[in-house]
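Student: Starting from these lines, generate the structure:
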Amino acid sequence: MMRNALKTIGRLIDKQKVSFISSVDSEGFPNTKAMLPPCEREGIKVFYWHTNSPSMKVRQYRNNPNACIYFCDKRFFRGVMLKGTMEVLEDEEIRTKLWKNSYSMYYKGGKDGGDFIILKFTAESGRFYSNFSSEDFTPSYDSSADE
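Tutor: Next up, the predicted model:
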């Protein structure tokens with residue numbers, strides 16, 4: 001059993017170079033996509049990604065916000081799945097806060113070119129897999145909720 005979910009899972013997430021996000025299509029089937037790691041996170045409760053506004057996943061999240069994200073440490077064969085909702089954010093303040101100049105390689109028009117958008121995931125439940133067993137946990141913003 002994990003002593004501190006925030007610390008254990010936070011470390012696993014921060015070491016990954018790939019994350020997986022899942023949406024639900026119009027026929028009710030899950031769609032999973034490999035992404036860069038989140039550009040920011042708040043504990044193990046809220047995660048932010050940047051993406052292209054005309055993408056299929058943006059349309060799917062606007063139609064159905066139910067989502068799942070997954071992080072996998074293949075070296076130690078462990079992972080964490082979080083279920084919750086994904087919001088599509090077009091707010092100028094959050095876009096400015098999360099923008100990095102290095103993102104220009106993905107968004108030819110830059111931050112204000114119309115293609116840069118933020119996805120915000122809020123976790124409702126989680127499941128951690130390690131040492132051939134798994135356990136459920138409640139995602140939190142800070143470690144005091146795990147003690």
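Student: Pull out the buried positions in stretch 87-105.
Tutor: 88, 95, 98-99 (16 or more other Cβ atoms under 10 Å). For the C-beta atoms, the positions are set from N, CA and C on the backbone; glycine is no exception.
Student: Please apply the same query to stretch 65-83.
Tutor: 65, 67-73, 78-83.
Student: ditto for stretch 104-118
Tutor: 107, 111, 115-118.
Student: which other residues reach that stretch?
Tutor: 48-54, 58, 88-91, 94-96, 98-99, 103 (Cβ atoms under 8 Å, 6 or more residues apart in numbering).
Student: Equivalent analysis for stretch 66-79, please.
Tutor: 12-13, 15-16, 18-24, 30, 32, 47, 61, 80-86, 121, 123, 128-131.
Student: Now, those that are in helices?
Tutor: 12-13, 61 (DSSP state H).
Student: Against D115, how distant is N52?
Tutor: With distances taken as Cβ to Cβ, to the nearest Å, N52 is found 5 Å from D115.
Student: that older thread, narrow the buried residues of stretch 104-118 to those in strands?
Tutor: 116-118 (DSSP state E).
Student: could I get those as a markdown table with pLDDT and distance to R3?
Tutor: Shown next, in a markdown table, are these (pLDDT from 0 to 100; distance: Cβ to Cβ, whole Å):
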| residue | pLDDT | distance to R3 |
| --- | --- | --- |
| F116 | 94 | 39 |
| I117 | 94 | 37 |
| I118 | 97 | 33 |
